[in-house]
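Predicted coordinates and the sequence they were generated for:
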Amino acid sequence: MKAQKWASILMTTVLATGVLTACGSKPNNNSTATNSPAASVAPVDPAKLSGTLSLWTFFDGTKGIATAFEKKYPNVKVDVKVFPGDQYQIKLLSALQSGKDVPDVLDLERSYVGKFIESPFLMDLAPIGAADLVKNYIPYVSELGKSSDGKIKAISDQSSPGGFWYLKENAKKYLGTDDSTQISEMVNSYDKIVELGKKVAKQSDGKVHLIANAGDLFDIASYNTQPFYLNGKLNIDPRWEKVYNSQKEIRTNNVDGKLPFMSAGWGNALNDGSVVLVAMPAWATFMIGNKDNKAVGKFGVAKTPEGFYNGGTFRAIYNKTANKDIAAEFIKFSASAEWQNADLLARGNMPALQSVYDANLDKYTAPLTGDQKVLQPYYAMMKSMPVIKSDKYSDSILSLWRKTAGQGITDNKSYANVVAAFQKEVKAAFPELQ
Amino acid sequence: MISKINKSNYGYLFIAPFFIGFGIFGLIPILYTFYLSFTKWDGFTDPVYVGLANYSRLLHDTYFYQTIGNTLIIWVMSIVPQLIIALILAIILNEKFIRGKHFFRAVYYFPHIITPITLGVMFSLMFDWQTGSVNKVLMDLGIVSEPVNWFSSPWWSRTIVSAVICWQYFGFNLIVFIAGLQSISDEVYEAAKMDGANKWKSTLYITLPMLRPVFLFTFITSVIGGLQLFDAPLMLGDGPNNTTRTMVMYLYQTAFKNFDYSYGATVAYGIFVVVMILTAITAKASKLNE
């Protein structure tokens, strides 16, 4: 009986400890207090800053800025943890909710930055001079880091522009020119794409396609249309009808290679030329096979009918971090011309600062694109991008639109049919929307 | 003769680790999920109590009903060939005259040790519309003139998902059947042989009836496992008009893609009820056959 009693006490104690531990981790979301002094806008002496900064990201490329920051601030170590894929959002949210093992600085992807900046977990970056940091930014980039009440909560160091990438040799063969400006003119509307695509298909006996996928138009139209969430309601920009019908025409006329972005076939087409123009963001050039420099100088970049960008890494500070000073310097560094210029020259990442574009516009060339002044097509497109705010729903709804409309294109369904199916999907996923 | 079992209380200490582990990592999350199903919670703010609103939403959610149907269809399409293939191969590999049986058992079991994610990706590449090897082979053989868009057809999509699951699990069931076959005494077969029974009759009237408990085991584990299909189908997508979206995929998308944890919790309890009902039906049907 005595042993039974002790066993009961032991089991109860362990269970109760588990319960209390779980309860004890519940964060106080309303608190923004910190035991660290507020960071200042004034520059900090690199030698005086010391400590370890923890940084969570979904993108391996972030290690580049960590290394550069450590070089500038020799007494600081940046501990970067990379969590690829969907798990990152879940991992991050769990950490923020529990308040345990939370990074000082966190990366947020373009498609979900809106969800996080509306949460109470991120620091308002005003005290570190955020307004000054982004005042020379490409307008759409700075706007995406603002919460609905206008506070800057996240800052990106890139503009992630996209364009039509092409093998020059291939373009000459099928389009008659490899000049970026001329090709940009040839495909500056969806109608022109359809007509040109028909010619390429005919010329190649259906083996070569002008573009990789009718779905590329989703990327191009995504941020040139009104957001899907507007004033608490589902909002479908009427422009989608034109885009959708163009996509159907592209598909039915064999203009596209039916290769989804980043699929294995898409990567092959980019390298072997079975697709003439590949809509691709600047950061995706790692997909180009350049072993022994075989791709050097062989590619060009042309403008898409409307400017587009794909992805983007936004960086925020956890509001209860004990490392606010280092975190603030890190954000300032990422927003600086010094870093963005170095990142452009080292990795070809397109800057968010207009001043970096301006300084390099007529002189920057990249190995893959040879002597083309590749910033020129990008800069013009990025400056013209509509300025829209991030929000909690639009990107999730956009992925439902891609799914439903993508299916509609394959099944050759009418726009009305697709809209009805889409509205049903949205209502099921987000019943709170009107 | 022992008149009394020694009920020493020290035994509880030895079984305690399991129950403590289950309590912390099993029971508490189960109860917390139940609590969440009565709230509205997106993970960013505190949960708000909404009563039975999520359950009411679930009852009217046609997509949830569709996922139940999809799961059952995929399960039936995978379990039937899976058990037939496993049984036939088990009977063949149990024969004494078959050479290299251990090698074949290992080969057939091999897909079971590959992660479902890997299998899903592999099949999605094989059946890719434009670049898949299956279409290339079919076109080279002249069976089709242009690539087949497998994943734009509900039934082809379901067949491919079922094939992945069948291929993954038939080796496991094969091993279970072989274990069952080896538990049947040789004397029974020898007696049948003496009575003039041939191989076919022995299989029909001895092997199959005596394997009934094994059938029951594989069937019930298949029902429970089959209704929780997730990883391999996830890699192959939702299918046209969500026709390959399973119940657990729907739970995952609701909770972790749409960040609607509370409704995700409700879907989890919905799945629990469906699994309970179908397991009970299976158990009942198995007893009725006895």
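Yep, it's here.

Roughly how far does the residue in the stretch 251-400 of chain A positioned nearest to chain B sit from A:Gly273?
The minimum distance from the stretch 251-400 of chain A to chain B, using C-beta to the nearest C-beta, falls at A:Gly265 (3.6 Å). Backbone N, C-alpha and C define where each C-beta goes, glycine included. Distance of A:Gly265 to A:Gly273, computed by C-beta to C-beta, to the nearest Å: 13 Å.

of those two, who's got more company?
The residue with the greater number of neighbours, taking A:Gly265 and A:Gly273 and applying other C-beta atoms under 10 Å in any protein chain shown, is A:Gly265; the counts read 21 against 18.

phi, psi of A:Asp107?
Taking degrees, to the nearest 10, you get phi -90, psi 140 for the backbone angles of A:Asp107.

So what sits opposite it in the bridge?
Assessed by DSSP bridges, A:Asp107 has beta-bridge partners A:Arg315.

which ones are touching it?
By C-beta atoms under 8 Å, 6 or more residues apart in numbering or on different chains, the residues touching A:Asp107 are A:Leu55, A:Trp56, A:Thr57, A:Phe58, A:Phe59, A:Thr62, A:Thr313, A:Phe314, A:Arg315.

Contacts only, for the last one.
Read that as A:Arg315. In this structure, A:Arg315 makes contact with A:Val105, A:Leu106, A:Asp107, A:Leu108, A:Ala154, A:Ile155, A:Ser156, A:Asp157, A:Phe330, A:Ile331, A:Ser334, judged by C-beta under 8 Å, 6+ apart.

Please give the number of neighbouring residues around the nearest residue to the first one once chain neighbours are set aside.
Same thing as A:Val105. Residue nearest to A:Val105 in three dimensions, not counting chain neighbours: A:Leu55, with 4.7 Å by C-beta to C-beta, 6 or more residues apart in numbering or on different chains. Summarising burial for A:Leu55: neighbours were counted as other C-beta under 10 Å, giving 22.

One more: A:Ala269?
By the criterion of other C-beta under 10 Å, A:Ala269 has 23 neighbours.

can I assume it sits in a strand?
No - inclusion of A:Ala269 in a strand is not indicated when DSSP: H, G, I helix; E, B strand; the rest coil is applied; the result is helix.

Distance check, the closest residue to A:Phe121 other than its chain neighbours against B:Phe215.
Nearest non-adjacent residue to A:Phe121, counting by C-beta to C-beta, 6+ apart: A:Leu96, 4.4 Å away. From A:Leu96 over to B:Phe215 the distance is 49 Å, taken as C-beta to C-beta.

Spatially, which residue comes closest to A:Leu433, not counting chain neighbours?
Closest to A:Leu433 by C-beta to C-beta, 6+ apart is A:Leu234, at 5.1 Å.

again, but for A:Leu270
For A:Leu270, ignoring the flanking residues on the chain, the nearest one in space by C-beta to C-beta, 6+ apart is A:Val278 at 4.9 Å.

beta partners for the one you found?
When bridges are assigned using DSSP bridges, the partners listed for A:Val278 are A:Trp165.

what's around it, how many residues?
Taking other C-beta under 10 Å as the definition, A:Val278 ends up with a neighbour count of 28.

give the contact list for it.
Contact analysis of A:Val278 by C-beta under 8 Å, 6+ apart lists A:Phe164, A:Trp165, A:Tyr166, A:Ile211, A:Ala212, A:Trp266, A:Ala269, A:Leu270.

Same list, the residues you listed, but as CSV with pLDDT please.
Formatted as CSV, these follow (pLDDT from 0 to 100):
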residue, pLDDT
A:Phe164, 97
A:Trp165, 97
A:Tyr166, 97
A:Ile211, 97
A:Ala212, 96
A:Trp266, 93
A:Ala269, 93
A:Leu270, 93
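
Tell me the one of those residues nearest A:Thr365?
Within the contacts of A:Val278, distances to A:Thr365 taken as C-beta to C-beta reach their minimum at A:Trp165, with 15.2 Å.

Run a quick neighbour tally on the closest one.
Applying other C-beta under 10 Å, we find 24 residues neighbouring A:Trp165.

Same check on B:Gly225?
Neighbours of B:Gly225 under the rule other C-beta under 10 Å: 14.

element containing it?
For B:Gly225, the element it lies in under DSSP states H and E is helix B:212-226.

Residues in contact with that helix: which ones?
Helix B:212-226 is contacted from outside by B:71, B:74-75, B:78-79, B:82-83, B:86, B:165, B:169, B:173, B:176-177, B:179-180, B:275, B:278-279, B:282-283, B:286, B:290, using C-beta under 8 Å, 6+ apart.

Now which of these would you call buried?
Among the contacts of helix B:212-226, those classed as buried by 16 or more other C-beta atoms under 10 Å in any protein chain shown are B:71, B:74-75, B:78-79, B:82-83, B:86, B:165, B:169, B:173, B:176-177, B:180, B:275, B:278, B:282.

Could I get the pLDDT score of A:Ser8?
With respect to pLDDT, A:Ser8 has a value of 45.

do the same with the one 5 residues further on
With respect to pLDDT, A:Thr13 scores 43.

Just the terminal-to-terminal distance for stretch B:239-248.
Stretch B:239-248 has its terminal residues 15 Å apart, counting by C-alpha to C-alpha, to the nearest Å.

Determine the three-state secondary structure at residue 90.
Looking at chain A here, since you left the chain open. Look at A:Ile90: counting by three-state DSSP, its state is helix.

Now do the contacts for the residue nearest to it when sequence neighbours are not counted.
The spatially closest residue to A:Ile90, leaving aside those adjacent along the chain, is B:Phe256, at 5.5 Å (C-beta to C-beta, 6+ apart). Contacts for B:Phe256 were tallied using C-beta under 8 Å, 6+ apart; they are A:Asp86, A:Gln89, A:Ile90, B:Gly264.

How about the backbone phi and psi for the residue lying closest to the first one once chain neighbours are set aside?
Nearest in space to A:Asp86, with sequence neighbours left out and distances taken as C-beta to C-beta, 6+ apart, is B:Phe256 at 6.7 Å. Dihedral pair for B:Phe256: phi -100, psi -10, per degrees, to the nearest 10.

can you tell me how far B:Phe256 sits from A:Arg402?
Counting by C-beta to C-beta, the separation of B:Phe256 from A:Arg402 is 19 Å.

ok, now A:Asn213?
The spacing between A:Asn213 and A:Arg402, counted by C-beta to C-beta, is 11 Å.

Which one of these two is surrounded by more residues?
A:Asn213 (29 against 15).

can you pull the contacts of the more buried one?
Applying C-beta under 8 Å, 6+ apart to A:Asn213 gives the contacts A:Asp256, A:Gly257, A:Lys258, A:Leu259, A:Pro260, A:Phe261, A:Trp266.

who's the first one bridged to?
Pointing back at A:Asp256 there. A:Ile211.

Where does pLDDT dip in the stretch 51-200 of chain B?
Counting by pLDDT under 70, the stretch 51-200 of chain B has no low-confidence residues at all.

list the contacts for the closest residue to chain A within it?
Minimum separation of the stretch 51-200 of chain B from chain A (C-beta to the nearest C-beta) falls at B:Thr131, amounting to 3.6 Å. Taking C-beta under 8 Å, 6+ apart, we find B:Thr131 in contact with A:Leu259, A:Ser263, A:Ala264, A:Gly265, A:Asn268, B:Leu125.

Which one of those sits in the busiest neighbourhood?
A:Leu259 (27 neighbours).

before we move on, could you check phi and psi at it?
A:Leu259 adopts backbone torsions of phi -110, psi 110, taken as degrees, to the nearest 10.

What separation is there between it and B:Pro147?
With the distance defined as C-beta to C-beta, A:Leu259 ends up 12 Å from B:Pro147.
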